[in-house]
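> Quick one: sequence and predicted model below, then my questions.
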Amino acid sequence: MTVFLETCLAVSVGLVAIALVLTAIRVLRGPTEGDRIVAIDLFGVLAVAMIAIFAIWLGEQVFLDAAIALALVAFFGTIAYARFVEHKAALKAKEPSDG
Amino acid sequence: MADLIQALIGILAVGGAVFCLIAAIGVVRLPDALTRMHASSKAGTLGCGLILLSVALFFPGIDVVARAAAAILFLLLTTPVSAHMIGRAIYATGAPLWKGTGVDELKGTQDDPARRLGQ
């Protein structure tokens, strides 16, 4: 591995780490539930990118499988959370007509 | 030649990381939930795709290339679906839109979640 590649990988890890921190700030601050879904979705994608960078840095091919599995789980998690929020909004919208 | 490919891998990785950072900055700085969803889905997918492309170039052998290509394809297939679901959820919760939003074409139509969910 050349020095240039090693430097590039170190810079990439730093940039993605900053991105993860910024996304975590948005998850904590909200303010609406939709913002949290967006941030958690981006957090999953950024984690996949981080694992892919480490696959190059450590020379481990197996990390790519972990990245694919994490992308799958993050997708289903996002879908489930979005459906849950939409369902909750539907229940809330129905309440006045019932009572 | 090998050095050239390593340089290309490094540039792709840094470029992908920069796009990931742009997505995160967009999620923090943009004014409302729908614009944040726009930033995270487009820039995040491009950044992650570029980094996976550099992984495909780094390892010799067709199996890693196939797996990285499958990961990129999966990302490109799932991100629009999840972005659509997130957008629906955001609109259904009645989250406030940015004050500069010009037209809300969905409001009051057949497909307006506020009407559809209330039935």
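Thanks, I have it.

> Could I get the contacting residues of the residue most central in space within chain B?
Note on chain B: the residue nearest the mean C-alpha position is residue B:41, at 1.9 Å, using Cα atoms, centre = their mean. Residue B:41 is in contact with A:41, B:79-80, B:82-83, B:86, counting by Cβ atoms under 8 Å, 6 or more residues apart in numbering or on different chains. Yep, even glycine has a C-beta here, placed from its N, CA and C like the rest.

> Enumerate the positions of the lengthiest helix in chain A that are buried.
When every helix of chain A is counted residue by residue (DSSP state H), the longest turns out to be helix A:62-98. By 16 or more other Cβ atoms under 10 Å in any protein chain shown, the buried positions in helix A:62-98 come out as A:63-64, A:66-68, A:70-71, A:74-75, A:77-79, A:81-82, A:85-86, A:89, A:93.

> And the next helix or strand past the helix or strand where the residue nearest to the centre of chain B lies?
Here residue B:41 is covered by helix B:33-58, with elements defined by DSSP states H and E. Proceeding N to C from helix B:33-58, the next assigned helix or strand is helix B:62-92, under DSSP H and E.

> Just give me how far that following helix sits from the chain centre.
8 Å (Cα atoms, centre = their mean, to the nearest Å).

> other SSEs contacting it?
Applying 3 or more Cβ pairs under 8 Å, 6 or more residues apart in numbering or on different chains; DSSP states H and E, one finds that helix B:62-92 contacts helix A:33-58, helix A:62-98, helix B:33-58, helix B:113-118.

> residue contacts, the residue lying closest to residue B:31 once chain neighbours are set aside?
Among residues not flanking residue B:31 along the chain, residue B:98 sits closest, at 4.3 Å (Cβ to Cβ, 6 or more residues apart in numbering or on different chains). Residue B:98 sits next to B:31-32, B:35 when contact means Cβ under 8 Å, 6+ apart.

> nearest to chain A, of those residues?
Of all the contacts of residue B:98, chain A sits closest to residue B:32, with 8.7 Å by Cβ to the nearest Cβ.

> Phi and psi next, for the closest one.
phi -140, psi 170 (degrees, to the nearest 10).

> Per-residue pLDDT of the nearest residue to it once chain neighbours are set aside, please?
Spatial nearest neighbour of residue B:32, chain neighbours left out: residue B:98 (4.2 Å); criterion: Cβ to Cβ, 6+ apart. Note on residue B:98: pLDDT of 82.

> Just the element for residue B:98, please.
Applying DSSP H and E, one finds residue B:98 in no helix or strand.

> pLDDT below threshold where in chain B?
For chain B, the stretches with pLDDT under 70 are B:113-119.

> please redo it, this time with the cut-off set to 50
Applying pLDDT under 50 to chain B picks out no residues at all.

> Would you indicate which residues of the strand or helix carrying residue B:23 are buried?
For residue B:23, the element it lies in under DSSP H and E is helix B:2-29. Residues of helix B:2-29 classed as buried by neighbour count (16+ other Cβ under 10 Å): B:6, B:9-10, B:12-28.
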